[in-house]
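Asks: Next one to model:
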Amino acid sequence: MEKLRRFATVGVAAWGVLFASGAAYAEDISGTIVRTLMLSETSRLVGDVTCQVTGAPCIAFGAPNIALNLNGFTITGPNDPATGCKGANTGTETGISSNGQNNVGVRGPGVVQRFQGDGILFAGTSTVGWVQGVTITTNCLSGIRTGAAASRISLESNVSVRNGTAAAACGGI
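Replies: Now for the predicted structure:
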């Protein structure tokens, strides 16, 4: 009887590991962000995000070979929805930054909007990156920008609307 109980316990534990594990995410993200959120593993939005970060990116990759899944949610910066940019452009206030990491990307659907800088920026020497199925709107610089030293960045099925200003006519992608 004792052997049967041990076997059943081990069987239930093994079943839990095999079938309940699914995809592991480092962090489920939602709510208000007040300082740069540095991602170290693949993460996902589980609700809309409001960014109140000044002078730095809202979300930045802190490791290579990871992704941010937007899951249909929105990341919103501090700009006014009607007038767009408020005052001078602040290139450092980016929605999502690759932070120079390699093989990182953003998967939609989802929206990145209202940032003083770029919506999504592949900065530094980022190599191999991607943005898929994201709407980028009302950002003061570009919707999606790849820095001069970034390479092999794939952009697929994205929509870019109302990005850039007269003072910094960067524009869409």
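Asks: Confirm Leu155 sits in a strand?
Replies: Yes - assessed with DSSP: H, G, I helix; E, B strand; the rest coil, Leu155 lies in a strand.
Asks: For burial, what's the neighbour tally of Thr138?
Replies: 24 (other Cβ atoms under 10 Å). Placement of C-beta: from N, CA and C, glycine included.
Asks: correct me, but it touches Val111?
Replies: No - judged on Cβ atoms under 8 Å, Thr138 makes no contact with Val111 at a distance of 9.8 Å.
Asks: Quick check: which ranges of this protein have low pLDDT?
Replies: 1-25, 83-84, 86-90, 166-173 (pLDDT under 70).
Asks: can you map out the helices along it?
Replies: Applying DSSP state H to the chain gives helices spanning 2-20.
Asks: quick one, strands of it?
Replies: Ranges of strands in the chain, per DSSP state E, are 28-33, 37-39, 43-51, 59-61, 67-69, 74-76, 96-97, 104-113, 120-122, 127-137, 144-146, 151-156, 159-161.
Asks: Looking at those, which one is packed in the most?
Replies: Greatest average neighbour count among these goes to strand 120-122 (a mean of 30), per mean count of other Cβ atoms under 10 Å.
Asks: Tell me the helices and strands packed up against that strand.
Replies: strand 96-97, strand 127-137, strand 144-146 (3 or more Cβ pairs under 8 Å, 6 or more residues apart in numbering; DSSP states H and E).
Asks: Adding distance to Leu70, write those strands out as CSV.
Replies: CSV is the format used below for those (distance: least, Cβ to Cβ, whole Å):
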stretch, distance to Leu70
strand 96-97, 9
strand 127-137, 7
strand 144-146, 14
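Asks: Indicate which one of these is closest to Cys51.
Replies: Closest of these to Cys51 is strand 96-97, at 9.9 Å (criterion: Cβ to Cβ).
Asks: if I pick the residue lying closest to Arg145 once chain neighbours are set aside, what's in contact with it?
Replies: Excluding its sequence neighbours, the residue lying closest to Arg145 (Cβ to Cβ, 6 or more residues apart in numbering) is Asp118, at 4.6 Å. Shown in contact with Asp118 (Cβ atoms under 8 Å, 6 or more residues apart in numbering): 91, 94-95, 139, 141-145, 170.
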